[in-house]
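Chemist: Provide a 3D model corresponding to the input given below.
(one chain, ligands or ions: 1)
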Amino acid sequence: MARIKYLILAAVLFAAGTASAKDKEVYKDPSAPVEARVEDLLGRMTLYEKVAQLSQYTLGRNDNVNNLGEAVSHIPAEIGSLIYFDGNAVLRNAMQRRAVEESRLGIPVLFGYDVIHGFRTVFQIPLGQAASWNPDLAAKANRAAAQEASAAGIDWTFSPMVDVARDPRWGRVSEGYGEDSYTNAVFGAAAVKAYQGDDLSAEGNIAACLKHYVGYGASEAGRDYVPTEISAQTLWDTYLPSFEAGVRAGAATVMSAFNIISGVPASANHYTMTEVLKEKWGHDGFIVSDWDAIAQLVNQGMAADGKEAACYAFNAGLEMDMNDGLYMKHLQALVEEGKVSMDMVDDAVRRVLRLKFRLGLFEDPYTDERPEEECFLLPESLAAAEQLAQESMVLLKNEDSTLPLSGVSKIALIGPLADNQEDLLGNWSARGRAEDVVSIHDGLVKEMEGIAEVLLARGCGFDGQDTTMFPEAERIAGEADIVIVCLGEKRGWSGENASRSTISLPDIQERLLRAVSRAGKPVVLLLSSGRPLDVSRMDRYADAILEIWQPGVCAGKAVAGILSGRYNPSGKLAITFPYSTGQIPIYYNHRNRARRGTQGLYQDIQSTPMYEFGYGLSYTTFEYGPLTVSSDSVAPDGSITAEITVTNTGNVDGKETVHWFICDPYSRLTRPVKELRSFGKQLIKAGESVTFRFEIDPLRDLGFVDGDGNRFVEPGEYRIMVKDRTAVINVTD
Ligand code: GLC
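Modeler: Got it, this is the predicted structure:
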């Protein structure tokens with residue numbers, strides 16, 4: 001906060017130091033400091049113009065089925081921001097011309113859009129990206145997404161979503177980076193830097209938006225838009241870290257969430273939006289509400305009407321109103337009635353103008369209108385899409401080295417996803433098109449050309465009871481040397497407002513698997529989903545299982561590359577696969593129960609998950625050496641290095657991720673049984689070894705946070721853990 005005040009003072013002095021502020025339009029001077037331009041422009045604005053900057057409507061054909069609301073018939077030229085739903089810059093430039101040329105001060109509009117995992121080149125969904133454990137590669141995809149979005153006239157993406165999610169019934173688990181705070185923090189920060197670059201005004205850079213602030217992933221029973229119960233301590237140790245990392249990475253904006261946080265809605269929560277984000281973390285950007293989230297304060301039982309909702313939200317520190325128009329309707333009156341202070345309005349407008357100046361919108365308000373082929377699906381983007389898809393797929397089972405395919409001349413490819421394109425895009429696929437997607441069938445036919453024939457039969461739909469296509473599937477299974485069954489979810493079964501009561505696939509799909517397995521051939525099960533699935537009943541009918549998530553435009557190429565062995569799978573789960581829906585929530589970094597042994601376990605099913613966080617197989621084998629530490633004790637302000645050497649003992653090269661966990665077995669605030677604090681992924685050639693290191697900063701890596709967000713590290717025993725290896729160290733007084 002002090003930093004912002006200093007900048008404002010410097011700006012005022014600068015403006016005063018030049019010719020009188022009113023004569024020289026400092027805000028139009030690109031050589032002037034941003035803060036001076038902000039102050040000069042702010043000083044010229046009427047209250048109406050200020051309120052308009054704090055409002056966002058939509059422009060273009062809104063195809064978001066969950067948010068179809070009434071588009072504003074006449075968009076004022078003074079509007080601050082628009083969600084832009086078109087795929088090129090033409091409509092956007094026409095609107096921008098109105099703002100720049102028709103409005104009194106010519107303030108450009110900020111165009112935002114949901115570029116979540118690609119714009120036209122659609123990449124693997126974020127939950128899958130996390131399973132790559134390659135944030136640099138994910139960042140490459142986000143860079144490409146920013147360049148495509150920017151070419152279409154988007155200045156600002158409502159991404160990355162960094163909501164820790166532990167309930168796979170919640171559809172939005174697909175949009176974030178899984179169940180762990182540190183994973184969401186690392187991938188979220190990488191996405192921010194990839195979108196924004198080092199200079200927001202440089203070509204191809206767009207502003208990022210951390211969402212959904214905060215705790216949305218704790219939605220009760222996996223339902224959407226519902227309340228969450230989050231203790232102050234859990235808020236700090238589980239849900240805030242990924243947002244703090246994003247703010248430290250320079251995220252320009254944050255989006256307030258739909259959930260109630262233990263009684264106080266996130267979009268009217270002064271503690272999170274002002275005391276934490278602005279005062280404790282010093283965020284100098286702004287918060288945009290989620291769609292109609294201010295109006296929804298009425299549904300949530302906080303505000304009696306829209307005006308009261310606007311008052312609550314604005315005074316809590318929510319700067320921009322997405323879509324419901326309540327700030328445009330009521331903020332001026334609320335200021336005139338003294339219920340909202342002009343100082344707060346000015347601070348909010350400063351934050352919006354600051355981003356517009358940083359983006360260079362005043363100097364360069366228009367987007368070049370270039371042909372699509374120059375902007376989208378470029379070779380380097382497609383290469384990144386294929387690599388990210390390959391590195392994110394997780395080999396869950398591979399009995400008797402069923403994979404990679406070898407010695408087969410006839411392959412039966414079966415299932416609702418065998419020749420599907422659209423659903424492999426996943427949810428929130430922006431301007432992605434089904435015809436851009438390489439289907440599993442097309443990818444496999446190309447990969448096995450001259451090696452094996454691929455027979456195709458859909459077998460069944462995604463759901464329903466129709467078994468009329470079973471016989472054809474069973475026939476080709478009988479003819480083939482190996483059966484590949486492609487099961488999973490429709491793209492709309494995950495994402496927003498897509499909660500499901502069970503993580504099992506519809507029965508028809510499991511029946512198809514059972515039916516074709518009766519041919520007695522090796523069975524490879526490919527799963528495409530936006531969430532962990534219940535695999536427990538399917539497992540016995542499959543010799544190999546590969547989770548491909550929703551891999552985007554290069555789906556078929558990536559899958560075929562893994563099936564043929566051209567690419568050795570290296571993905572590992574960033575979210576637990578429960579044994580059944582009944583186990584939910586089940587996640588790796590849980591605390592201990594009061595009883596040990598068999599007490600406190602389910603009486604009817606296993607209490608361990610089907611596949612745990614960090615699990616994933618390879619076509620090669622890796623042998624882990626001893627875990628060593630540079631010392632067995634360390635001062636709180638000291639440092640210590642942990643090392644482990646991993647050897648590729650197989651006969652194919654492979655990438656391996658080492659996850660470094662810590663455990664504080666005894667603490668005044670009880671801690672999870674283990675916590676991820678670092679990870680590294682390296683290529684290890686067959687027969688070679690690589691040493692992985694973890695440079696430990698006790699406060700950062702062993703410490704914890706209390707209910708006020710104060711990080712502390714207690715003296716005493718700590719354990720550094722990799723797989724089944726543990727090194728014990730002692731933090732001294
Ligand atoms: C939606 C989503 C949010 C998205 C916004 C704009 O309701 O919750 O993630 O960014 O509206 O589309």
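Chemist: could you list the low-pLDDT ranges of the chain?
Modeler: Along the chain, segments meeting pLDDT under 70 span 1-23.
Chemist: count the residues that sit near the closest residue to D40 other than its chain neighbours.
Modeler: Leaving out its chain neighbours, the residue that sits closest to D40 by CB to CB, 6 or more residues apart in numbering is V26, at 3.8 Å. C-beta: built from backbone N, CA, C; applies to glycine. Neighbourhood size, V26 [other CB atoms under 10 Å]: 23.
Chemist: V26 and G43: what is the separation?
Modeler: 9 Å (CB to CB, to the nearest Å).
Chemist: check D343 too.
Modeler: From D343 to G43 the distance is 14 Å (CB to CB).
Chemist: repeat that for D324.
Modeler: Applying CB to CB, the value for D324 to G43 is 29 Å.
Chemist: so the two - more neighbours on which side?
Modeler: Between D324 and G43, counted using other CB under 10 Å, the more crowded position is D324 (22 against 14).
Chemist: verify the stated contact: that one with G306.
Modeler: Yes: taking CB atoms under 8 Å as the definition, D324 is a contact partner of G306 at 7.3 Å.
Chemist: what sits in contact with each of the two?
Modeler: Residues touching both D324 and G306 (CB atoms under 8 Å, 6 or more residues apart in numbering) are 294-295.
Chemist: and L82, what are its phi and psi?
Modeler: With angles defined as degrees, to the nearest 10, L82 sits at phi -140, psi 140.
Chemist: that one: how many residues sit nearby?
Modeler: Counted with other CB under 10 Å, L82 comes out at 24.
Chemist: one more: D346?
Modeler: By other CB under 10 Å, 17 other residues sit near D346.
Chemist: wait, is it part of a strand?
Modeler: No: per DSSP: H, G, I helix; E, B strand; the rest coil, D346 lies outside any strand segment and is helix.
Chemist: skipping adjacent residues, who's closest to it in space?
Modeler: L42 is the one closest to D346 (CB to CB, 6+ apart), at 6.0 Å.
Chemist: in three-state terms, how would the one you found be classified?
Modeler: Three-state assignment for L42 (three-state DSSP): helix.
Chemist: contacting residues for it?
Modeler: L42 makes contact with 50, 346, 349-350, 353, according to CB under 8 Å, 6+ apart.
Chemist: how near is A303 to the ligand?
Modeler: From A303 across to the ligand, the span is 19 Å (CB to the nearest ligand atom, to the nearest Å).
Chemist: quick one: the residue in the stretch 101-250 of the chain that the ligand sits nearest to and S499, what's the gap?
Modeler: The ligand sits closest to F158 of the stretch 101-250 of the chain, with a gap of 3.5 Å, by CB to the nearest ligand atom. Taking CB to CB as the measure, F158 falls 20 Å from S499.
Chemist: more neighbours: which of these two?
Modeler: Neighbour count, other CB under 10 Å: between F158 and S499, F158 has more, with 24 against 20.
Chemist: not counting residues beside it along the chain, what's closest to the residue of the stretch 601-733 of the chain found nearest the ligand?
Modeler: Per CB to the nearest ligand atom, F613 is where the stretch 601-733 of the chain lies closest to the ligand, at 24.6 Å. What sits nearest to F613 in space, not counting adjacent residues and going by CB to CB, 6+ apart, is Y588, at 3.8 Å.
Chemist: and what about F694, helix, strand or coil?
Modeler: Applying three-state DSSP: F694 is strand.
Chemist: for A145, same thing?
Modeler: At A145 the chain is in helix, as set by three-state DSSP.
Chemist: in contact with it, which residues?
Modeler: The contact partners of A145, taken as CB under 8 Å, 6+ apart, are 115, 117-119, 121, 123, 157, 195.
Chemist: most neighbours among the residues you listed, which one is it?
Modeler: H117 (36 neighbours).
Chemist: whichever residue of the stretch 451-600 of the chain sits closest to the ligand and W428, how far apart?
Modeler: Distances between the stretch 451-600 of the chain and the ligand by CB to the nearest ligand atom are smallest at E496, namely 5.3 Å. Per CB to CB, E496 is found 8 Å from W428.
Chemist: ok, those two, which is more surrounded?
Modeler: Taking other CB under 10 Å, E496 and W428 do not tie; W428 has more neighbours (26 against 22).
Chemist: quick one: contacts for the spatially closest residue to the more buried one that is not a sequence neighbour?
Modeler: With sequence-adjacent residues excluded and distances taken as CB to CB, 6+ apart, W428 is closest to I116, at 4.0 Å. Residues in contact with I116 (CB under 8 Å, 6+ apart) are 126, 157-159, 161, 175, 428-430.
Chemist: and the strands in the stretch 201-350 of the chain, which stretches?
Modeler: Per DSSP state E, counting those that start in this stretch, the stretch 201-350 of the chain carries strands over the ranges 209-213, 253-256, 260-261, 264-265, 286-289, 321-322.
Chemist: any chance of those in TSV, plus distance to the ligand and mean neighbour count?
Modeler: Shown next, in TSV, are these (distance: least, CB to the nearest ligand atom, whole Å; neighbours: other CB atoms under 10 Å):
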stretch	distance to the ligand	mean neighbour count
strand 209-213	6	29
strand 253-256	6	27
strand 260-261	15	24
strand 264-265	14	21
strand 286-289	9	28
strand 321-322	7	29
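Chemist: what's the helix or strand for the nearest residue to L487 once chain neighbours are set aside?
Modeler: The shortest distance from L487 to any non-neighbouring residue, by CB to CB, 6+ apart, is to Q509 (4.6 Å). For Q509, the enclosing helix or strand under DSSP states H and E is helix 507-517.
Chemist: helices and strands around that helix, which ones?
Modeler: strand 410-414, helix 470-479, strand 482-488, strand 523-528 (3 or more CB pairs under 8 Å, 6 or more residues apart in numbering; DSSP states H and E).
Chemist: in the sheet, who's paired with G112?
Modeler: G112 has the following beta-bridge partners by DSSP bridges: I83, W156.
Chemist: contacting residues for it?
Modeler: Going by CB under 8 Å, 6+ apart, G112 touches 56, 81-84, 154-158, 209, 288.
Chemist: switch to 10 Å and redo it
Modeler: Neighbouring residues of G112 by CB atoms under 10 Å, 6 or more residues apart in numbering: 56, 58, 81-84, 149, 154-158, 206-207, 209, 253, 255, 288, 320, 322.
Chemist: need the residues of this protein near the ligand, please.
Modeler: Applying CB under 6 Å from any ligand atom, we find that the chain lies next to the ligand at 64, 66-67, 114, 158, 211, 290-291, 496.
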